[in-house]
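**Q** Pasting the sequence and the predicted model now:
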Amino acid sequence: MSGTRYLEIAEQLSAELAECARGTRVASEAEIARRFGVGRAAARAAVQELERRFVVRRTQGSGTFVNRRIDYVISRSVPPSWSTTISAAGATPRALVKSVRTMPLPADLADRFERPAGSPVHEVVREFYIDDLLASWTHEWIPVEEVPDLDLALHAVDSVDLVLRQMVRVRPMRAWCRVSIDVPPAEVLRALRMESSLPAWLVESVSRDEAAGNVLMCSRTWTRADAVRVVVELDERAVGDEAGGPLGTATPQQTNTP
């Protein structure tokens with residue numbers, strides 16, 4: 001048998017699974033081996049290839065299922081809101097607040113916040129879902145002076161963006177962003193229920209008030225690479241702002257997005 005037979009099997013299965021709905025159960029390795037007349041090793045290699053291409057997603061103890069990634073667009077013309085971005089991509093978003101606490105501003109965030117280290121900030125930890133798939137784990141820091149009662153507000157609504165718009169009457173916009181892909185630390189892997197060998201997107205960003213230019217929030221988000229494809233758009237507005245607007249020094253940085 002050719003050493004690339006598993007690639008031929010993966011190609012055929014990929015074409016067939018493209019016609020299936022997200023979440024459709026995929027044939028087992030034993031079934032694939034019988035269908036194509038190959039050994040279990042070749043069938044396993046074919047499924048692993050499909051997983052590398054994000055065509056399928058394997059869930060320990062449950063099986064292998066058809067996967068569909070969505071585009072997560074980062075742009076200065078798109079509000080820095082999980083719900084807004086996921087809804088625009090045609091999926092159903094959900095957020096779950098895990099914790100809210102007041103703490104001193106960490107030193108490594110002081111420059112981004114344009115505030116002294118130790119200034120009081122809220123730290124919000126949230127889980128984000130796409131069509132009931134746990135997709136992201138995020139830490140957000142918001143100055144206490146901006147929203148003194150953020151913990152109470154998040155009992156009523158789980159959207160920080162909505163709280164800022166409705167309670168503080170500001171318009172958050174993403175002013176700075178850095179995107180990378182790496183294997184998350186152990187605590188994030190556990191939180192996202194991921195295997196240690198799988199990489200994830202890391203999106204770090206700063207959001208400012210569109211009118212006043214003051215920093216409203218810093219965030220650090222890990223997102224499953226099998227759930228989204230991060231798309232960074234550099235629009236003309238970012239170029240114009242460099243001429244001296246309040247957001248002039250913060251333009252998104254783009255990385256290769258497989």
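**A** Yep, that arrived. Numbering: from 1, shown residues only.

**Q** Quick one: the helices in the stretch 101-250 of the chain, in order.
**A** Per DSSP state H, counting those that start in this stretch, the stretch 101-250 of the chain has helices spanning 110-113, 150-156, 160-167, 186-192, 236-241. These are given in chain order.

**Q** can you redo the ones you listed as TSV with mean neighbour count and mean pLDDT?
**A** Where C-beta positions appear, they are placed from N, C-alpha and C, glycine not excepted. Listed next are the helices of the stretch 101-250 of the chain as TSV, based on neighbours: other C-beta atoms under 10 Å; pLDDT from 0 to 100:
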stretch	mean neighbour count	mean pLDDT
helix 110-113	15	92
helix 150-156	15	89
helix 160-167	19	90
helix 186-192	14	91
helix 236-241	14	50
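
**Q** Tell me which of those lies nearest to residue 69.
**A** Proximity to residue 69 (C-beta to C-beta) singles out helix 186-192 among the helices of the stretch 101-250 of the chain, at 15.3 Å.

**Q** tell me what the closest one is packed against?
**A** Helix 186-192 is packed against strand 133-143, strand 215-224, with contacts defined by 3 or more C-beta pairs under 8 Å, 6 or more residues apart in numbering; DSSP states H and E.

**Q** Residue 63 reaches residue 26, doesn't it?
**A** Yes. With contacts counted by C-beta atoms under 8 Å, residue 63 reaches residue 26, the gap being 7.3 Å.

**Q** These two: which is more packed in?
**A** Neighbours were counted for residue 63 and for residue 26 using other C-beta atoms under 10 Å; residue 26 has more, 22 against 13.

**Q** nearest residue to that one other than its sequence neighbours?
**A** residue 64 (4.2 Å; C-beta to C-beta, 6 or more residues apart in numbering).

**Q** swap in residue 110?
**A** residue 117 (4.2 Å).

**Q** can you tell me which residues contact that neighbour?
**A** 104, 105, 106, 107, 109, 110 (C-beta atoms under 8 Å, 6 or more residues apart in numbering).

**Q** Swap in 6 Å and give it another go.
**A** 105, 107, 110 (C-beta atoms under 6 Å, 6 or more residues apart in numbering).

**Q** Likewise for residue 200?
**A** Taking C-beta under 6 Å, 6+ apart, we find residue 200 in contact with 184, 222, 224, 225.

**Q** Of those, grab the buried ones for ChimeraX.
**A** In ChimeraX syntax, the buried subset of the contacts of residue 200 is picked out as below (16 or more other C-beta atoms under 10 Å):
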select :184,222,224,225
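
**Q** I'd like the contacts of residue 200 written out as TSV, with distance to residue 51 added.
**A** As requested, the contacts of residue 200 are arranged in TSV below (distance: C-beta to C-beta, whole Å):
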residue	distance to residue 51
184	17
222	19
224	12
225	11
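
**Q** Could you point out which of the contacts of residue 200 is nearest to residue 3?
**A** residue 225 (27.1 Å).

**Q** number of nearby residues for the residue nearest to residue 114 when sequence neighbours are not counted?
**A** Once flanking residues are discounted, residue 114 sits nearest to residue 215: 5.7 Å by C-beta to C-beta, 6+ apart. Here the number of neighbours of residue 215 (other C-beta under 10 Å) works out to 23.
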